[in-house]
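Student: Starting from these lines, generate the structure:
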Amino acid sequence: MNSQKGFFKNMVKLALPIALQQLLVSCAQLVDTAMVTGLGNVVVSSVGVSSRWIFLINLFYFGISSGTAAMIAQFWGAKEKDNIRKSYGIALIFGAVVAFMFTAAMFFFPAQLTRIFTSEQAVIDTAPQYMRIVAFMSPFAAFNQVTCVALRSTERVNPPLYTSIISVTLNTVLNYVLIHGKVGLPAMGIKGAAIATLTSTAVQAILLFAVIRTSKDIYNVKFREFFTLTKSFFRRFSVVCLPVVLNEVAWAAGTNIYSMVFARQGSEAYAGYTIFSSIEQIAFVFFVGICHACSIMTGKTIGEGNENNAYKLAKKFVVMTPIIGVATGTVLALARNSILSLLNIETQAAFDLASSLILLYCMWLPFRNIPYTLIVGTFRAGGDTKIGIVYDLVSLYLIGAPVVVYLGLVAKVDFIYLLLAMYLCEDIPKILLSLHRFRSKKWIKNLTTQ
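Tutor: Numbering: from 1, shown residues only. As a prediction, this is how the structure comes out:
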């Protein structure tokens, strides 16, 4: 009983701040969408298309951070502080390289990137106004993601939350002021939304840097201690981290196939989908908290050498995932129209589609995040970072994406059936494969002894 009580106490201590931080990020995305909905479906679709590239960038960073978290959590359990700092330093290097490439691509080739997702000329003309500005967000976003994960993996979950509160508040205020032209400033429309996003992201980076340089923390050391790397450690880190990055990129590329199909259903339909996506992220925050808590606790326990306890811990998180899905889906389904009514949606068709997509998502939510908890929260924390690529190749590329492409571009089915096909074809195979892998215990690999 005491062990069970201790588990829930530790889980809540870790999961709640992480979930709250993700909720703030999701609310910021919803605020961005809400404040541009009054500018019309073309602007909403332009932000939606641009957000797909931001989503891809963030997945690169998430892949780097997720691999880093696996290393740091296990090193934290083994009390290997030098290796924690080295892992953080390598992650910063990888993040900087990715940030440079995406900044250049989004600044110099925004129209070409937009055409990948849509053929509507109005969107192609509008999206670059947003994309060229948010391109410079990439370096700050890389630093933020890597640093937040590094702090969380050593069980410091509050600084990422506090800096996110400030960043999201600033983003909301700047959106209101710059988009609509308040306090004597001219109305900047979609450019104002981009400037708000860039500024708030940069401010969070400055705050996080101040945190690690002023607190009594394992990261408050001379900079050379992060970058005093050996070839053997770099290779050791890369073996764990790069498969995660490849996994996230492969998954992102596959989901972008979905988005290309969705965007070609018309700006009104894609506007409805963009609004749905923003609200979907709010429901997802609970699973982010659970997943990261699972990763931290499981990785630390493996690093301490208690592999059987790590399996039991992870099993509790797997059981909790569908239970939380039922509760979250029920609340969101009941509140969906009230939430949508707060947004200044241009057309009734976009409103109705967003409402229907949310309802479908809520019905599937108990199953949707089981693979997420297993692959991201459990397998990666256990050091098994390669298996996710295999599962995505099977479920996404061989089944999900081909079915959605056929239904959307050839059969021309209604939009809601595209989302349903995506859920069923991708999630069911991945759930079955992930549960089989979990029960085998082959995912448990102690990285501190390798």
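
Student: Could you verify my assumption that Ser164 touches Ile18?
Tutor: No: at 10.2 Å, Ser164 does not count as touching Ile18 under the criterion of CB atoms under 8 Å. Heads up, the C-betas are built off the backbone N, CA and C, glycines and all.

Student: all helices for the stretch 201-350 of the chain, in order.
Tutor: Using DSSP state H, counting those that start in this stretch, the helices of the stretch 201-350 of the chain run over 224-227, 231-263, 267-303, 307-341, 348-368.

Student: who wins for proximity to Val157 among those helices?
Tutor: Nearest to Val157, of all these, is helix 267-303, at 8.4 Å by CB to CB.

Student: Give me the mean pLDDT for that closest one.
Tutor: Rounded to a whole number, the mean pLDDT of helix 267-303 is 86.

Student: Check stretch 233-242 too.
Tutor: Stretch 233-242 shows a mean pLDDT of 85.

Student: Then stretch 84-92?
Tutor: Per-residue pLDDT values over stretch 84-92 give a mean of 90.

Student: ok, residues contacting it?
Tutor: Contacts to stretch 84-92, defined as CB atoms under 8 Å, 6 or more residues apart in numbering, come from residues 64-65, 67-68, 71-72, 75-76, 142-143, 146-147, 149-150, 153-154, 218-219, 221, 225-229, 233-234, 237, 241.

Student: hmm, try it at 7 Å
Tutor: Applying CB atoms under 7 Å, 6 or more residues apart in numbering, the contact partners of stretch 84-92 are 64-65, 68, 71-72, 75-76, 146, 150, 154, 218-219, 221, 225-227, 229, 233-234, 237.

Student: ditto for stretch 428-437
Tutor: Here stretch 428-437 has contacts from 367, 370-371, 374-375, 379, 387, 391, 394-395, 399, 443, using CB under 7 Å, 6+ apart.

Student: Now His444, what are its backbone angles?
Tutor: Slight slip there: residue 444 is Ile, not His. With angles defined as degrees, to the nearest 10, Ile444 sits at phi -80, psi 110.

Student: Which residues does it form beta bridges with?
Tutor: Gly383 (DSSP bridges).

Student: Arg132 contacts Ala111, doesn't it?
Tutor: No: Arg132 is not in contact with Ala111 according to CB atoms under 7 Å; the separation is 10.1 Å.

Student: Comparing these two, which shows the higher neighbour count?
Tutor: Arg132 (16 against 11; other CB atoms under 10 Å).

Student: In which helix or strand does the more buried one reside?
Tutor: Using DSSP states H and E, Arg132 maps to helix 121-134.

Student: What residues of that helix count as buried?
Tutor: By 16 or more other CB atoms under 10 Å, the buried positions in helix 121-134 come out as 123-124, 126-134.

Student: ok, those vs Phe415, which is closest?
Tutor: Phe415 has its nearest neighbour among those in Val123, at 17.1 Å by CB to CB.

Student: tell me the contacts of that closest one?
Tutor: Contact partners of Val123, counting by CB under 7 Å, 6+ apart, are 42, 45-46, 49, 114, 267.

Student: same check, this time on Leu396
Tutor: Counted by CB under 7 Å, 6+ apart, Leu396 has contacts 251, 254, 426.

Student: could you say what helices and strands the helix or strand harbouring Trp76 packs with?
Tutor: Using DSSP H and E, the element containing Trp76 is helix 41-77. Here helix 41-77 touches helix 2-37, helix 81-108, helix 121-134, helix 138-153, helix 190-214, helix 231-263, helix 267-303, going by 3 or more CB pairs under 7 Å, 6 or more residues apart in numbering; DSSP states H and E.

Student: Kindly recompute the last result at 8 Å.
Tutor: When contacts are defined as 3 or more CB pairs under 8 Å, 6 or more residues apart in numbering; DSSP states H and E, helix 41-77 packs onto helix 2-37, helix 81-108, helix 110-115, helix 121-134, helix 138-153, helix 190-214, helix 231-263, helix 267-303.

Student: Return the distance of the residue lying farthest from the centre of the chain relative to Val177.
Tutor: Within the chain, the residue lying farthest from the chain centre (CA atoms, centre = their mean) is Gly184, at 35.9 Å. Separation of Gly184 from Val177 (CB to CB, to the nearest Å): 10 Å.

Student: Thr230 too?
Tutor: 50 Å.

Student: likewise Leu365?
Tutor: Going from Leu365 to Val177 by CB to CB gives 36 Å.

Student: Settle it for me: which of those two has more neighbours?
Tutor: A count of neighbours by other CB under 10 Å puts Leu365 above the other of Leu365 and Val177, at 26 against 18.

Student: Nearest spatial neighbour of that one, chain-adjacent residues omitted?
Tutor: Leaving aside its sequence neighbours, Leu365 sits nearest to Gly329 (CB to CB, 6 or more residues apart in numbering; 3.7 Å).

Student: okay, that neighbour: pLDDT?
Tutor: Note on Gly329: pLDDT of 93.

Student: unless I'm mixing things up, it is touching Asn369, no?
Tutor: No: Gly329 is beyond contact range of Asn369, at 10.7 Å (criterion: CB under 8 Å).

Student: Comparing these two, which residue is more hemmed in?
Tutor: When neighbours are counted by other CB under 10 Å, Gly329 and Asn369 differ, and Asn369 comes out ahead with 26 against 21.

Student: Quick check: phi and psi on that one?
Tutor: Main-chain dihedrals, Asn369, degrees, to the nearest 10: phi -100, psi 10.

Student: Next one: the residue lying closest to it once chain neighbours are set aside relative to Ile323, how far apart?
Tutor: The shortest distance from Asn369 to any non-neighbouring residue, by CB to CB, 6+ apart, is to Phe287 (4.3 Å). For Phe287, the distance to Ile323 equals 11 Å [CB to CB].

Student: Output the contacting helices and strands for the helix or strand of the chain with the lowest mean pLDDT.
Tutor: The helix or strand of the chain with the lowest confidence, counting by mean pLDDT, DSSP states H and E, is helix 2-37 at a mean of 76. Packing partners of helix 2-37 (3+ CB pairs under 8 Å, 6+ apart): helix 41-77, helix 138-153, helix 158-180, helix 190-214, helix 267-303, helix 307-341.

Student: what is the orientation angle of it with helix 41-77?
Tutor: Orientation check (axes from the mean of the first three to the mean of the last three CA atoms, to 10 degrees): helix 2-37 against helix 41-77 gives 160 degrees.
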